[in-house]
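A.B. asks: Structure for this input, please:
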Amino acid sequence: MGKLPAPIQQFIDSTNAADSTKFADAFAEDAVLDDWGSKYRGKVAIRSWDSTDNIGVQSKFELVDFFEEQANVFNVTLSVSGNGHNGTGPMRFIVDDGLIRKLEILPD
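C.D. replies: Numbering: from 1, shown residues only. Now for the predicted structure:
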């Protein structure tokens, strides 16, 4: 397995460290987070999702695998634990200019 792009690694590390500021800093201002069809547009909405569905429920991520689907599009499988969703599942990240432009949390 190669090296994850920096903003995806920041997404994982900041979640595990419960650092909401660094978590939000991994995203572009106009980023979109799609959590099984529920869409959060922009950093304010993504921060809200983080407080209710991610760091706010003490989520922890462990990288299982990843591959580059096409240029700047990465499929990442994470094992998630905490007081919210638990399990292993895929996420699709679009990275641009060193930031996450789009994150789709996909059904297993």
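A.B. asks: Show me which residues of stretch 68-88 are buried.
C.D. replies: By neighbour count on 16 or more other C-beta atoms under 10 Å, the buried set for stretch 68-88 is Phe74, Val76, Thr77, Leu78, Val80, Gly82. In this view, the C-beta of every residue, glycine as well, is placed from N, C-alpha and C.
A.B. asks: How far off centre is that stretch?
C.D. replies: 7 Å (C-alpha atoms, centre = their mean, to the nearest Å).
A.B. asks: what about it, start to end distance?
C.D. replies: Stretch 68-88 stretches 19 Å from its first residue to its last (C-alpha to C-alpha, to the nearest Å).
A.B. asks: quick revisit: mind putting the buried residues of stretch 68-88 in TSV, pLDDT included?
C.D. replies: Converted to TSV, these look like this (pLDDT from 0 to 100):
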residue	pLDDT
Phe74	98
Val76	98
Thr77	98
Leu78	98
Val80	97
Gly82	97
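A.B. asks: which of these lies closest to Phe66?
C.D. replies: Of all these, Phe66 sits closest to Val76, with 4.3 Å by C-beta to C-beta.
A.B. asks: Please name the bridge partners of that closest one.
C.D. replies: Counting by DSSP bridges, Val76 forms beta bridges with Phe66, Met91.
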